[in-house]
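Enquirer: Please work out how this folds:
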Amino acid sequence: MSDQSRALPDRPSLRYLKLEAKRRLSAGEFATLQLAQLAIAREHGLPSWTALKEQIEAAGPASHALTQVRWVMSRFAAADTPGWTPPDEEELRGHFDDDYLSLLPPGRLSGLLGSVAGQLREDLVDVRAEPRRLRARVAGLRVEAATGGEPPYRLRELRFYPLETKVADPRLEAPETRASGVVPAEADSVAAESFAELGLVGLMLAGGNGDGSVWVTARGWADLDQGDVLLPDHRFPAYSITQLVTATAVLRLVADGLVRLDAPANAYLRTIRLADDDVTVRHLLSHAGGVDSPASMFAGRVPELVSVTGPAASCNGRRGTFGYGYGEYAMLGQLIADVTGTRYEDAATSMVLRPLGMTASWFPRGRPVSRVVMGHHLTDEGVFERAPARLSVAPASGGLWTAAADLVRFGLGWSSLLPGALAREALQPQAEFPGGAAGLGWMLVPPKDVAGHPGAGPGFSASLVIRPGTGQTWVILTNRRVLVEPINERLIRPLT
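Expert: Have a look, this model is predicted:
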């Protein structure tokens, strides 16, 4: 029994402590369960298990997400030691919901968790726990988790991200800020906090409301080597956010009667065909077509798509099941081109960009040079270097370059290009995944009335989020590839 007193976490879990007592009993540390429980109580400065239980119950409702993450840590902490036995499928299904395990099968999940066993032996820190959600750090990993809303509160999300290398680049001191429109004070605060915490070179936050007003705040540098200050009208690659433009163009063809959502996509494809004749347009829009992504998504110049896919695009995924990739939207770009008789880029510009006044947005086929931002990556020494200039090989999947204000205009106005019923259908779940669902182009979190799409590529990250119920829109653009979810969380919650 340990003589060292331990502090209870902010939201202690009685269930976790019960499991810990059973684990220590099984390990032979104690002769009876009662002795194990007594030891744990005393380690937390209390005279008995009953006193420990009463203190925990008085602390209020526990976080189910924290409880489940602690089980994961306890169960897999010894995965790299001889004699450890991985949990079987039945045990895992007691802690992970069926949707999660359909995307990450039990064997694969155990292998991934086992690969970080050494870090799972450390304590959780910087814990931000809600009843069904958790954000924290453990050793060199960031942890994000969420559970379902009903008992037994199994995990429907669990992600471990490596923590960023600490930035030690003196050029990042005293970043300048430039703005356009009336920027909310909360947005300026979020920009300053996120810029420092995430170690960014440049950060653009933008937003708009149902009245059509748009604001942009830009912080940092467009090109650190040249010392170019980031300005609100600088252009970034949107990468996968492009798929929302593509989806809107397809839905315009549906509205015009030129395409049917539930018709086979091969009914409209001419230049390139799908290997699976049963994949529908709806399947492609909701990432449920099973179409393979290109082997390499980026190049110095944009090639002809047929040279990337061949004359028949392979479909090795599970049709009807969500599987995010770039192949579906590459083929939707080809469908748009075949139906309209023009290049995808020209059709998307005339059907979406121009009607919404997105004059600072376009689809370059070679590296753009006018008013564009340079991407950056961080070296092991914590110093920034320019990222190689790369373009998406499939313009309809990731080829849009744009300004923040233009993306806000898209978020505010895309539905005006479609009949009301079709716009509403675009925001209805079509294919579910842990933590959300895919609509027709949009990624949805229905309980939060949030829809959007991320984008990331060499040297850049981006995010577009809308709140359909209010018409509000937020955009994040950075010229470093990082996870922007913490910025989304800070930006959206204070402003709503």
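Enquirer: now the end-to-end length of stretch 424-443.
Expert: With CA to CA, to the nearest Å as the measure, stretch 424-443 spans 14 Å from end to end.
Enquirer: ditto for stretch 480-488
Expert: Separation of the first and last residues of stretch 480-488 by CA to CA is 16 Å.
Enquirer: quick one: contacts of that stretch?
Expert: Stretch 480-488 is contacted from outside by 142, 144, 161, 164, 190, 194, 197-203, 205, 375-378, 384, 387, 454, 456-463, 465, 474, 476, 478, using CB atoms under 8 Å, 6 or more residues apart in numbering. Any C-beta I mention is one placed from the backbone N, CA and C, and that applies to glycine too.
Enquirer: now that stretch: how far from the chain's centre is it?
Expert: 9 Å (CA atoms, centre = their mean, to the nearest Å).
Enquirer: ok, back up a step: for PyMOL, what selects the buried ones among the contacts of stretch 480-488?
Expert: Burial among the contacts of stretch 480-488 is assessed by 16 or more other CB atoms under 10 Å; the matching PyMOL selection reads:
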select buried, resi 142+144+164+190+194+198+199+200+201+202+203+205+375+376+378+384+387+454+456+457+458+459+460+461+462+463+465+474+476+478
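Enquirer: Filter the contacts of stretch 480-488 down to the ones in strands?
Expert: Counting by DSSP state E, the part of the contacts of stretch 480-488 found in strands is 142, 144, 161, 202-203, 205, 376-378, 384, 454, 456-457, 460-463, 465, 474, 476, 478.
Enquirer: which strands and helices sit next to the longest strand anywhere in the chain?
Expert: Once the chain is assigned using DSSP E, the strand that runs over the most residues is strand 214-223. Strand 214-223 is packed against strand 177-180, helix 185-198, strand 202-208, strand 228-229, helix 404-413, with contacts defined by 3 or more CB pairs under 8 Å, 6 or more residues apart in numbering; DSSP states H and E.
Enquirer: Residue 253: which of these is closest?
Expert: Set against residue 253 and scored by CB to CB, these come closest in helix 404-413, at 17.9 Å.
Enquirer: could you give the angle of the closest one to strand 214-223?
Expert: Relative orientation of helix 404-413 versus strand 214-223 (axes from the mean of the first three to the mean of the last three CA atoms, to 10 degrees): 150 degrees.
Enquirer: Would you mind pulling the contact partners of helix 404-413?
Expert: Residues outside helix 404-413 that contact it (CB under 8 Å, 6+ apart) are 180, 204-210, 212, 214, 216, 218, 232-233, 236, 238, 241, 244-245, 352-353, 356-361, 462, 464-466, 471, 473-475, 477.
Enquirer: low-confidence ranges in the stretch 201-350 of the chain?
Expert: Residue ranges of the stretch 201-350 of the chain with pLDDT under 70: none are present.
Enquirer: Now with 90, please.
Expert: 209-213, 295-297, 316-318, 323-325 (pLDDT under 90).
Enquirer: could you pull out the helices for it?
Expert: 242-255, 281-285, 305-309, 327-340, 344-348 (DSSP state H, counting those that start in this stretch).
Enquirer: any chance of those in TSV, with distance to residue 138 and mean neighbour count too?
Expert: Shown next, in TSV, are the helices of the stretch 201-350 of the chain (distance: least, CB to CB, whole Å; neighbours: other CB atoms under 10 Å):
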stretch	distance to residue 138	mean neighbour count
helix 242-255	33	25
helix 281-285	38	25
helix 305-309	40	17
helix 327-340	35	25
helix 344-348	43	22
